[in-house]
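S.K.: Output the structure for:
(one chain, ligands or ions: 1)
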Amino acid sequence: MDFYRYHGLGNDYLVMDPNKTQINLTPDAIRAICTAHFGEGSDGILYGPFESDGTLTFHIYNPDGGEAEKSGNGVRIFTRYLIDAGYRKIGEPFEIVTKGGVVRCLVIDKETHLQIEMGTATFPMAPAIEVDGVTYQTTCVSMGNPHCVIPVDDVTAELAKQIGPQIENHSLFPNRTNMQILKVLDRQNIQIEIWERGAGYTLASGSSSCAAAAAARKLGLVDEQVTVHMAGGTLQIKIGDDYGIEMIGPVAAVSSGNFAEEFVRTFDQPHAVGYLSK
Ligand SMILES: N[C@H](CCC[C@H](N)C(=O)O)C(=O)O
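M.R.: Below is the predicted model:
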């Protein structure tokens, strides 16, 4: 089987397992696969598992063909795949090594309750950034991958799509960045809309939820337990005193399938980024 489709709150991924598919995942192949309508369409590809001397890892690819250090929905989805494929068991905690650090996974219920220790949030800078003549106060957060959290009065998808590309590619961020516009609803609830590095607008993002909750906590605006409200649904985030972050949320399985031979033949042709058409 070439791929297994899952989503986390509408942030969809294809899991591709090297033990089950021989597809060579070049950047052009990733862009072709993730492009909606012309390809399978997805917010990214999770490629693994790779296990050696007890260490388990996988790759997180964005639709633009780049590789991300971490993905919260991606880790929950890959954790679910490891259960579905029999690599790991429900109720037994295990670690996954990502490029953005080690995460610790525990599946209580494989559809509704996947619990991930996402690592420690750090705060590299808090610059004011001007976009379209408006100056935004930001709090930058690393969850292993980069985030720029921007408090605003009115969180809309339109605003995220308007300023997201300019923030993503701003010169302050040598590796680009994910962006979240944030509204604190009360001390236990925040609302975000997201523009992802290398993926564009998404309905939900786990590492974004962790970053936005950590930023709100850093600013003294929320308690240690926060519900993050996104277009695709909600995640439960717990922020430790040391800014160690725990994320709890669902995963839904959708489908599995194989790519047509004539589609695979296009993988060695140049493919532009397809998600901007979303
Ligand atoms: N686009 C992100 C990776 C996926 C993040 C998001 N899908 C999540 O659930 O954390 C990045 O380049 O860092």
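S.K.: what bridges to residue 257?
M.R.: residue 3 (DSSP bridges).
S.K.: The chain should start at 39 in everything you say after this.
M.R.: Yes, from this point I'll number from 39; that puts the last item at residue 295.
S.K.: Can you get me a residue count around it?
M.R.: Other residues within reach of residue 295 by the criterion other Cβ atoms under 10 Å amount to 12. Where you see a C-beta, it was placed from the backbone N, CA and C, and this is true even at glycine.
S.K.: can you check residue 75 too?
M.R.: Residue crowding around residue 75 was assessed by other Cβ under 10 Å; the count is 9.
S.K.: Helix, strand or coil: sort out it for me.
M.R.: coil (DSSP: H, G, I helix; E, B strand; the rest coil).
S.K.: my read: residue 184 touches residue 218, true?
M.R.: No - under the criterion of Cβ atoms under 8 Å, residue 184 lies out of contact with residue 218, with a separation of 11.5 Å.
S.K.: More neighbours: these two, which one.
M.R.: Taking neighbours as other Cβ under 10 Å, residue 184 and residue 218 compare with residue 218 leading, 32 against 24.
S.K.: Remind me which helix or strand whichever residue of the stretch 189-316 of the chain sits closest to the ligand belongs to.
M.R.: Nearest residue of the stretch 189-316 of the chain to the ligand (Cβ to the nearest ligand atom) works out as residue 245 at 3.2 Å. Using DSSP states H and E, the element containing residue 245 is helix 244-256.
S.K.: next one: that helix to chain centre, how far?
M.R.: Relative to the chain's own centre, helix 244-256 is displaced by 13 Å; criterion: Cα atoms, centre = their mean, to the nearest Å.
S.K.: Name the next helix or strand following that helix along the chain.
M.R.: Immediately after helix 244-256, counting by DSSP H and E, sits strand 263-268.
S.K.: how deep is the residue lying closest to residue 44 once chain neighbours are set aside tucked in, by neighbour count?
M.R.: In space, not counting the residues next to it along the chain, residue 44 is nearest to residue 115; the distance is 4.4 Å by Cβ to Cβ, 6 or more residues apart in numbering. Around residue 115 sit 28 other residues, with neighbours defined as other Cβ under 10 Å.
S.K.: next one: residue 160
M.R.: Residue neighbour count, defined by other Cβ under 10 Å, stands at 12 for residue 160.
S.K.: Does the closest residue to it other than its chain neighbours have any beta-bridge partners, and if so which?
M.R.: Excluding its sequence neighbours, the residue lying closest to residue 160 (Cβ to Cβ, 6+ apart) is residue 180, at 4.8 Å. Legend: beta-bridge partners of residue 180 under DSSP bridges are residue 160, residue 184.
S.K.: I figured the residue of the stretch 189-316 of the chain closest to the ligand hits residue 183, correct?
M.R.: Yes - Residue 245 sits in contact with residue 183 when judged by Cβ under 8 Å, with a separation of 5.5 Å.
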